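Coordinates for the following, if possible.
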Amino acid sequence: MSVLLPPAVEPFLALLRCPPCGARLRHGSGALRCPAGHTFDIARHGYVSLLTGTRATSGDDAAMARARDRFLATGRYGPIRRVVARLAADAVPGQGTVVDVGCGTGYYLADVLDRLPGARGLGLDTSVRALRTAARAHTRAAAATWDVFRPFPLADGVADVVLDVFAPRNPSEFHRVLRPGGRLVVVRPTGRHLTELCGCLPGMVAIDPAKEQRLHHALAPFFEAAGTEHVEYVTSLTAPEALDLVGMTPSARHLNRADPVGDGPLPDRVTVSVLATAYRPRGPVARAG
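Alright, predicted model coming up:
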């Protein structure tokens, strides 16, 4: 039985491009197809499977996606979510397009769309487990499998905002798909983020002190900062919430899930500390080749 085109995907058909050949995609017989015959399935969960060939391995697995969904539902990251929505709303016109790269479960994208009643959103992620939730996160949010390190399956200059919240970055592709007056919103942790957990869990991945310098070096040829907000606060945590918080981060891959905390107690309060920056795209950038 063919799967109907999700209503949220339809507005993006004019913007999507076939990953192998760059042609426009059309819907037919339960899939998206290009004139050359490349075909991309629509999952029954509502997302589009655009990522073909070798699969990326960095996306959330099932356990990480469940932990992310549970933790974000607690509202502990609500202050970060509100800052992201405000920075995005400052740049989006009434009928704007928001692309969330590494969208996870769609938590941040959904709040942006709530703040912008006329906007549409597209979430891209490698994790099909997370995209099952992202495809239902908002009535105006579409979702598709994609790897941030590959050229995006989008036409040039179609996005008013690109979101990159705790996700890998592809500066040249961010620049290509953004319109000249658009914004890139990047959220990343500071060295104080979750320090209490790092102190009691030896498997937690620490923040590289050079992370901010590397970010600036990577983005500088394509973007200039329009403004940065430091979001820092202390929040209480129950033991299950602490385990979910750890379980949704890259540290989950380095911890023993059968006994993630060993003999040490989990902290009941942690420091949340992130930087959220809105970037303006620079003028035309010379492309290799």
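
Pro151 contacts Glu173, correct?
Yes: if you go by CB atoms under 8 Å, Pro151 and Glu173 touch, sitting 6.1 Å apart. C-beta coordinates here come from the backbone N, C-alpha and C atoms, glycine included.

Which one's more surrounded, the two?
Glu173 (18 against 15; other CB atoms under 10 Å).

any idea of the pLDDT on that one?
pLDDT, Glu173: 98.

ok, now Ala43?
91.

now do the one 5 residues further on
Turning to Val48, the model gives it a pLDDT of 95.

Just give the nearest non-adjacent residue to it, would you?
Spatial nearest neighbour of Val48, chain neighbours left out: Ala144 (4.3 Å); criterion: CB to CB, 6 or more residues apart in numbering.

What is the subsequent helix or strand relative to the strand or helix carrying that neighbour?
Applying DSSP states H and E as the criterion places Ala144 in strand 141-145. Once the chain leaves strand 141-145, the next helix or strand it forms, by DSSP H and E, is strand 159-165.

That next one packs against which elements?
helix 78-89, strand 97-101, helix 107-115, helix 171-177, strand 178-189 (3 or more CB pairs under 8 Å, 6 or more residues apart in numbering; DSSP states H and E).

tell me the most buried of the ones you listed?
Each of these was scored by mean neighbour count; the highest is strand 97-101, a mean of 27, by mean count of other CB atoms under 10 Å.

Would you map the helices across the stretch 1-150 of the chain?
For the stretch 1-150 of the chain, helices defined by DSSP state H, counting those that start in this stretch occupy the ranges 62-73, 78-89, 107-115, 128-134.

Mind listing residues that contact the last one?
Helix 128-134 is touched from outside by 43, 45-47, 49, 59-62, 64-66, 68-69, 103-106, 109, 123, 125, 141, 143-145, with contacts defined as CB atoms under 8 Å, 6 or more residues apart in numbering.

ok, the nearest residue to Val84 once chain neighbours are set aside - contacts?
What sits nearest to Val84 in space, not counting adjacent residues and going by CB to CB, 6+ apart, is Tyr108, at 5.0 Å. Residues counted as contacts of Tyr108 (CB under 8 Å, 6+ apart) are Ile80, Arg81, Val84, Ala85, Asp100, Leu163, Val165.

Point out where the chain drops to low pLDDT.
Residues of the chain that meet the criterion pLDDT under 70 lie in 1-2, 53-58, 201-206, 251-264, 285-289.

Could you rerun that using 90?
Along the chain, segments meeting pLDDT under 90 span 1-6, 28-30, 51-65, 90-95, 195-211, 239, 242-243, 246-267, 283-289.

excluding its backbone neighbours, what's nearest Val187?
Distance criterion CB to CB, 6+ apart; nearest residue to Val187, sequence neighbours excluded, is Val165 at 4.3 Å.

Count the neighbours of the one you found for me.
By the other CB under 10 Å criterion, the neighbourhood of Val165 contains 22 residues.

Next one: the closest residue to Cys18 other than its chain neighbours from Ile207, what distance?
Excluding the flanking residues, the one nearest Cys18 by CB to CB, 6+ apart is Cys34, at 3.8 Å. Using CB to CB, to the nearest Å, we find Cys34 at a distance of 42 Å from Ile207.

Then Thr52?
To Ile207, Thr52 is 34 Å away according to CB to CB.

and those two? which has more neighbours close in?
Remark: of Thr52 and Ile207, Ile207 carries more neighbours, 18 against 13, as counted by other CB under 10 Å.

Leu243: which element?
helix 239-247.

which residues does the residue nearest to Val187 contact?
Contacts for Val165 (CB under 8 Å, 6+ apart) come out as Ile80, Val84, Asp100, Gly102, Tyr108, Val185, Val186, Val187.

Likewise for Tyr233?
When contacts are counted by CB under 8 Å, 6+ apart, Tyr233 touches Pro79, Thr271, Val272.

cool, and Ala91?
Applying CB under 8 Å, 6+ apart, we find Ala91 in contact with Asp160, Val161, Gly181, Gly182, Arg183, Ala278.

Which single one of the residues you listed is nearest to Glu212?
Nearest to Glu212, judged by CB to CB, of the contacts of Ala91 is Ala278 at 15.9 Å.
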